[in-house]
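>>> Next come a sequence and a model predicted from it.
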Amino acid sequence: MISGNSTEPGGPALRIENLDKYYGTFHALRRVNLAVERGERIVVCGPSGSGKSTMIRCINRLEQHNGGRIAVLGTELNDDVGNIDEIRREVGMVFQHFNLFPHMTVLENCMLSPMIVRKQPRAQAEATARRYLEKVRIPEQAMKYPGQLSGGQQQRVAIARALCMQPQIMLFDEPTSALDPEMVSEVLDVMVTLASEGMTMICVTHEMGFARRVADRVIFMDSGEIVEEAPPETFFTTPRNERTRQFLSQVLDH
Amino acid sequence: MEMVVVAPPAPGRLEDLRRRFFATPLQAVLSLACLTIMVFLAWKLLNWAVFSAVFTTSGGPEACQAAAGACWSVIAARWRIIFFGLYPYEEQWRSALACVVVVVMTVLSCIPVFWTGRRIALVWGAGTALFYVLMKGGVLGLAHVGEEAWGGLALTLFIFVTTCLVGFPLAICLALLRRSELPWISRTTGLIIDGVRSLPLISILFTFAVVLPFALPQWLQGDKLYRVILGSALFFSAYQAEIVRGGMQGVPTGQEEAAMALGMRYWQRIGRILLPQAMRNALPATINQFVISFKETSLVIIVGFFEILASGNAAYGTGEWRFAYVEVYAFIAFIYFVFVFSLSRYGAFLERRMSISER
């Protein structure tokens, strides 16, 4: 569904140019450049502390960048609060620790933002919420509280909650890292379905199997830089950079 | 081969008592001694309060004084002063009705059905207006009664309710300002909160009642009652702000990030995500603060108001009932107990309810 706003329908989904980010004196992102087309699926990987989470958190301004440019769906991300609001409406995010609202039911979690941000009537918001809960395969949990669900179920609710805003881009920040191993696949399955339906996705993840299956491009980051960028076949079989080879041998060899 | 595990039989009630209190000879002696003392004290108290007490006013103060037990006649004779203070005798039904309004308003706002912004505002707006019209009069054919004549339970309730009504939103504002990202705002707020907290309530009440009129122009002063309420609300809000801030710190940062990522604006995040969770965390301490504030209303005696404790003083202070002060204070203590105990039971109910919804 395309929502009517000022974002250009034809342009790239995301354009990052010479992005710099500092935490105090620590240089977290070093002149990062990245362009993502609509419908593209990007997997970002790399050792911890390499800046991958920081990069995607800059895209919806959970972190403020210190240099360079970010344009999301044609809207420039700067100090303009109107622009920030517009971008956040169109960009959904899924967190490592789910961050569901514990004081609301699953259904309320999904309905809140469409109602107060998109100003949808309650009935419409509820219908949308139920549709997406169906899609992530937990319609029967709608009236429960997040604390009553397993980690995998909570993460699927979090995906449904983000989708209820009908975003054009989805960001995933290590969505399976906090899950017990037996729950990883139920979340990945939902993400694969989403990818097959043409959603623009940027996923920070260590799930190399997922990367192989759905990614159009895999990006490897180290020390705040994009070190390698390639389609999955090339990335996994003939990585060019030494650091990439080292990383791959660590995550794949066991 | 199957193993059958059988739990040991639960001890009966007598067996349980024996194990807890009569396990060794020394323990048995101590238990018996304590029991004797407790029974003796209970008997003494009951005898004073009930069996040898005088309940009717028929014999007058003299017969009452001669009795061995409590003289509850003083309550029967003087309850109007205790409840209504100096409020005009013929109009005291209004004061009684006003107390009922406050109680109903409080009970209504304790019921989860009324927990939406609009409903709670309606209940409190209408309740406070009704209370004010009933007490003050001057409209609808009700005779005018100035604030200086208000007293007793009605005044205590009025001061408590308005203190909370003004102080609570102020506390939330202060707590939000204190966590501002701009250092000059957060530091100034911190200074105000810590400044107010470092002063005794009495000195604040005294300043607002007596000193402020010298500093403010006539039209800004308002009645002394409202200045005192403002002072006590300020005091309440300084403490409550720290309680709310503590509750906010217990909310994980991921909650606000998720709300931001969903496109919510500052006030939406505060109102829908942060505050509801923060208030849950802060609930036990908040109830505690309400209880303290309820009891601290008695301090307005110092600036010359006839709240319930001062009315009690007046009830036995006039000659003939002078000997019966213990009974009057016991009665007032009982009234405080009823309110404070209901408040803390309600707090316990809320905590139980929330623990169900969250886990």
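Right, received. Where do you want to start?
>>> wait, isn't residue A:68 in contact with residue A:20?
Yes: taking contacts as Cβ atoms under 8 Å, residue A:68 lies within contact range of residue A:20: 5.4 Å. Where you see a C-beta, it was placed from the backbone N, CA and C, and this is true even at glycine.
>>> which residues of chain A score low on pLDDT?
A:1-10, A:253-254 (pLDDT under 70).
>>> Name the residues of chain A found near chain B, please.
Counting by Cβ under 8 Å from any Cβ of the partner chain, chain A comes close to chain B at A:60-62, A:85, A:88-89, A:91-93, A:95, A:97, A:99-103, A:112-113, A:116-117, A:145, A:147-148, A:158, A:161-162, A:165, A:171.
>>> which among those residues end up buried?
Among these, those classed as buried by neighbour count (16 or more other Cβ atoms under 10 Å in any protein chain shown) are A:60-62, A:85, A:88-89, A:91-93, A:95, A:97, A:99-103, A:112-113, A:116-117, A:145, A:158, A:161-162, A:165, A:171.
>>> In strands only, show me those residues.
Secondary structure from DSSP state E places A:91, A:92, A:93, A:171 of those in strands.
>>> Residue A:168 and residue A:91 touch, don't they?
Yes: at 7.5 Å, residue A:168 counts as touching residue A:91 under the criterion of Cβ under 8 Å.
>>> Just list the residues touching residue B:71, thanks.
B:53, B:54, B:61, B:64, B:65, B:323, B:324, B:327 (Cβ atoms under 8 Å, 6 or more residues apart in numbering or on different chains).
>>> before we move on, the earlier item: overlap of the contact sets of residue A:68 and residue A:20?
A:31, A:32.
>>> excluding its backbone neighbours, what's nearest residue 213?
Using chain A here. Nearest residue to residue A:213, sequence neighbours excluded (Cβ to Cβ, 6 or more residues apart in numbering or on different chains): residue A:192, at 6.5 Å.
>>> Sorry, I should have been clearer: chain B.
Leaving aside its sequence neighbours, residue B:213 sits nearest to residue B:221 (Cβ to Cβ, 6+ apart; 5.3 Å).
>>> residues in contact with the one you found?
Contacts for residue B:221 (Cβ under 8 Å, 6+ apart) come out as B:212, B:213, B:227.
>>> Just the closest of these to chain A, please.
Closest to chain A out of the contacts of residue B:221 is residue B:227 (38.3 Å), distances taken as Cβ to the nearest Cβ.
>>> Touching, that closest one and residue B:206? I think so.
No: the pair residue B:227 / residue B:206 is not scored as a contact, 10.8 Å apart, by Cβ under 8 Å.
>>> Residue B:145: helix or strand, and which one exactly?
Using DSSP states H and E, residue B:145 sits within no helix or strand.
>>> How about stretch B:254-271, which residues are buried there?
For stretch B:254-271, the neighbour count (16+ other Cβ under 10 Å) marks B:255-264, B:268-270 as buried.
>>> go on, stretch B:128-137?
B:128, B:130, B:131, B:133, B:134, B:135, B:136, B:137.
>>> Make a markdown table from the residues you listed and add pLDDT and secondary structure to it.
Shown next, in a markdown table, are these (pLDDT from 0 to 100; DSSP: H, G, I helix; E, B strand; the rest coil):
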| residue | pLDDT | secondary structure |
| --- | --- | --- |
| B:128 | 86 | helix |
| B:130 | 88 | helix |
| B:131 | 87 | helix |
| B:133 | 86 | helix |
| B:134 | 87 | helix |
| B:135 | 84 | helix |
| B:136 | 83 | helix |
| B:137 | 81 | coil |
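>>> what's across from the spatially most central residue of chain A in the sheet?
Centroid-nearest residue in chain A, with Cα atoms, centre = their mean: residue A:171, separated by 1.3 Å. Beta-bridge partners of residue A:171, counted by DSSP bridges, are residue A:93, residue A:202.
>>> Sitting in helices, which of the buried ones among the residues of chain A next to chain B do you find?
Counting by DSSP state H, the part of those found in helices is A:85, A:88, A:89, A:112, A:113, A:116, A:158, A:161, A:162.
>>> Now for these: which two are most distant?
A:85 and A:158 (21.0 Å; Cβ to Cβ).
>>> From what I see, residue A:65 and residue A:19 are in contact.
Yes: Residue A:65 is within contact range of residue A:19, at 5.5 Å (criterion: Cβ under 8 Å).
>>> what touches both of those two?
A:29, A:58.
>>> what are the ranges of the helices in the stretch 1-150 of chain B?
For the stretch 1-150 of chain B, helices defined by DSSP state H, counting those that start in this stretch occupy the ranges B:13-21, B:25-46, B:60-66, B:73-84, B:92-110, B:117-136.
>>> out of those helices, nearest to residue A:36?
Proximity to residue A:36 (Cβ to Cβ) singles out helix B:117-136 among those, at 41.0 Å.
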